[in-house]
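Visitor: The following comprises the amino acid sequence and a computationally predicted model.
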Amino acid sequence: LVDLARSTATRRWGEARGNRAPACVRSTADRLPELIAKLTLGKTALAVIDTAPYQLVSCRTAMVMADLVLIPITATAAGAEAARHTAEMARRAGVPALMVINDVAALPDRDLLLSFHRIAPVAPTVIRRHRLFPECMATGGTVFEREPFGDVTRDVHELWNPLTFMLEARARAPLTTAAE
């Protein structure tokens, strides 16, 4: 995990994990290309880059290097509007995006769901609000470790299928540039 976000929440989560995988490192946009090159040489199979949408330089740098942009979104009209900008940046970078509705207590209504789909593809599962998330962030844990057979763990597993499909499709696709 690469933390580009100013809040450094991902790095703090990694520090709380200690030596347990996955490794978490803090980076900056200007050092990201070098870091990704090192990870690639080290045979890293997957790097997840965490950045905030309002950090434009970090977002653009991460998107240029990305195979997929995952956009967490709250199930609100404001969440949709916030995701619109990130999805547009991904389109300009020529990178596929997938929106993930998270932190939900109940499914959004049909009209709101349709508005999400007009912005970018939406994952077929939602990540429910759960008491484990704040606990895991504070302790460096994961829902897989805390409740391996729980509902929220199933939500995350179900999210992995479309992510894997999109990443594999991107790996098989011929190389293109955003200008094409």
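Guide: Perfect, thanks for sending it.
Visitor: Look up which residues are beta-bridged to the spatially most central residue of the chain.
Guide: Centroid-nearest residue in the chain: residue 70, 3.9 Å away (criterion: CA atoms, centre = their mean). Counting by DSSP bridges, residue 70 is bridged to residue 98.
Visitor: Is it in contact with residue 102, as I believe?
Guide: No: taking CB atoms under 8 Å as the definition, residue 70 is not a contact partner of residue 102, at 10.3 Å. From N, CA and C alone the C-beta is placed, and that goes for glycine too.
Visitor: Touching both of the two, which residues are there?
Guide: Any residue near both residue 70 and residue 102 by CB atoms under 8 Å, 6 or more residues apart in numbering counts here, and not one turns up.
Visitor: Only the buried residues of the biggest helix by length in the chain, if you could.
Guide: The single longest helix within the chain, with elements called by DSSP state H, is helix 151-172. Neighbour counts over helix 151-172 (16 or more other CB atoms under 10 Å) mark 152-153, 155, 159, 162, 166 as buried.
Visitor: Please work out how many residues are found near the closest residue to residue 17 other than its chain neighbours.
Guide: Leaving aside its sequence neighbours, residue 17 sits nearest to residue 140 (CB to CB, 6 or more residues apart in numbering; 3.5 Å). The number of residues packed around residue 140, counting by other CB atoms under 10 Å, is 16.
Visitor: Could you shift the numbering so residue one becomes 488, and keep it that way?
Guide: Sure thing, new numbering starts at 488, so read that last one as residue 627.
Visitor: Which neighbouring residues are in contact with residue 627, exactly?
Guide: Taking CB under 8 Å, 6+ apart as the criterion, residue 627 is in contact with 500-505, 507.
Visitor: Give me the phi and psi for the closest residue to residue 551 other than its chain neighbours.
Guide: Using CB to CB, 6+ apart and skipping residues adjacent in sequence, the residue nearest residue 551 is residue 580, 5.8 Å away. Dihedral angles of residue 580 (phi, psi; degrees, to the nearest 10) stand at phi -80, psi -10.
Visitor: And residue 580, what's its pLDDT?
Guide: Listed pLDDT for residue 580 reads 90.
Visitor: Number of residues surrounding it?
Guide: Residues within reach of residue 580, counting by other CB under 10 Å, total 20.
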